[in-house]
Structures are given as structure tokens and as C-alpha cells.
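Trainee: Only the shape, not the letters, is given here:
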């Protein structure tokens, strides 16, 4: 019995050491005219110069938001999973082209954080920007640290790929925000995912929050 206690203690000590040394990559937020010129190649994706100017002007703001929020969010990830990132630095390409954000390469559509784009509508909050970065980085973190396909990933093999790719990710968001006692952030992503255009995100969120429960996906990630 004493031997098992020692083994368990050493294992927990190792996990704590790994969590302490794990870190999120340093992110450089930079606007890319080259990316946007390639992205905005249709009439529906026309870019206004004032959007570009504001995105460039707000780049330091975006950096500060993440410098405050990033260590808190991923600090909790490392605390529970003791797994970090393979890369130490990443460039986040800021885009005002009306298109999606991506994890690899890391491209962030910041239009909804710009007054020049939103007009009379309210711009999204700092918390929403931090959530966007967290969301995209979690894609990379999961790919690097979880052996896919998992049983739950396979269980939903008949769902479209976008749905399956967001199951564990959305569960991680809900888990981390819950662990941080940030029910406001849980409610924020609930509103966001439930009302997004297209069926994929609402369906993934339904599976995570109502059908399986986020805990099932977290248990699977910890097992992996």
C-alpha cells in the first residue's frame, strides 16, 4: 500500500512539473495586406481602407488582451493536462477580409472588433477576442496532444467534418471557463455557437452541451 502511495505521489509530482514547464507560444499579432489581397478576390469580400487602418491601429490592443488572458486560459489547461505546445512562437495574421478564422496558419478575422466595420452595431468585447484566439490555438493544442480518432470522434463519424473537429475543442472551452468560474464566458459561447450561421457549429455545440456533456470529451482527452 505504501509503495502504491509513493508511485502515485511521484506521478502527481511529475504532472505538476510538466504543467509548470508547459507554456503557450508567444503570439505576434500582425496585419497582412498580402493575405487580404488574396482573400478579397470577389465582390462580396471587398475591403474598405478604414477597416485596414483600424486593424493596424488596434494590433497593440489585441496583443495586450492576449497577454492578459492567454496565461490565465492556458495556465488552467496546463494545470489539468500537463501538456504544452511544440512551438514557442506563432504569428497571428490579422485579417479584415470577411472570411473565417483559421488555426493553421493562424488567421484571425477581426472585423467584428472594429468600429469602422460594425458601424452602429456594438463591437465585440475583449473577452470575445481572447476566446477567438483561445479557440484557434486549442485546435493546434488538441492535434498535438490527442491521438485522433478517439471513440467519441468515431461515434459521430456520420456528422460533417467541421462538427467532429469542434467536439473536443468546444468541450475544452466549456471546461476551462467553468474551472475559472467564468460563467459569463460559458454563456457567451453558448449564445455564439447556438446562433452561428450554418448547421455545423450549432450541431457540435448541441452534442457537447446537451447530448454527451462536455465532461465525456474531457475524460477522453485526459485518457489520451
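Mentor: Nice, thanks for sending it over. Everything quoted here is computed from the prediction, not taken from an experiment.
Trainee: make it CA atoms for all contacts and neighbour counts henceforth
Mentor: OK.
Trainee: what bits of the chain have low per-residue confidence?
Mentor: 1-21, 224 (pLDDT under 70).
Trainee: So which residues of it form helices?
Mentor: 2-21, 33-39, 49-81, 115-118, 126-145, 151-155, 161-165, 167-179, 183-195, 200-206, 214-223 (DSSP state H).
Trainee: The ones you listed: which one's closest to residue 103?
Mentor: With Cα to Cα as the measure, helix 126-145 is the member of those nearest residue 103 (4.7 Å).
Trainee: Touching that closest one from outside, list them.
Mentor: Contact with helix 126-145 is made by 62, 65-66, 69-70, 73, 83-86, 101-104, 106, 108, 113, 168-169, 173, 185, 224, as judged by Cα atoms under 8 Å, 6 or more residues apart in numbering.
Trainee: What of stretch 200-217?
Mentor: Here stretch 200-217 has contacts from 152, 160, 162-164, 166-168, 170-172, 174-175, 190, 193-196, using Cα under 8 Å, 6+ apart.
Trainee: So for the protein, the centremost residue is which one?
Mentor: residue 135 (1.0 Å; Cα atoms, centre = their mean).
Trainee: From residue 170, how far off is it?
Mentor: Per Cα to Cα, to the nearest Å, residue 135 is found 8 Å from residue 170.
Trainee: Could you do residue 150 as well?
Mentor: 15 Å.
Trainee: Those two: who's more crowded?
Mentor: residue 170 (25 against 14; other Cα atoms under 10 Å).
Trainee: How about the contacts made by that one?
Mentor: 204-205, 208, 214.
Trainee: Could you list the domains of this structure?
Mentor: Domains of the chain are assigned by automatic domain parsing as 22-124, 146-223.
Trainee: Buried residues, stretch 142-155. List them.
Mentor: Counting neighbours by 16 or more other Cα atoms under 10 Å, one finds that the buried residues in stretch 142-155 are 142, 145-146, 152-153.
Trainee: from the middle of its chain, how far away would that stretch be?
Mentor: 17 Å (Cα atoms, centre = their mean, to the nearest Å).
Trainee: do stretch 112-120 as well
Mentor: On Cα atoms, centre = their mean, the centre of stretch 112-120 falls 22 Å from the chain's centre.
Trainee: what residues does it touch?
Mentor: 50-51, 54-55, 111, 122-125, 129.
Trainee: and of those residues, the nearest to residue 24?
Mentor: For the contacts of stretch 112-120, the minimum distance to residue 24 (Cα to Cα) is 16.6 Å, reached by residue 129.
Trainee: Could you report the distance from that closest one to residue 105?
Mentor: In terms of Cα to Cα, residue 129 sits 18 Å off from residue 105.
Trainee: So for these two, which residue has more residues nearby?
Mentor: The residue with more neighbours, out of residue 129 and residue 105, is residue 129; 20 against 13, by other Cα under 10 Å.
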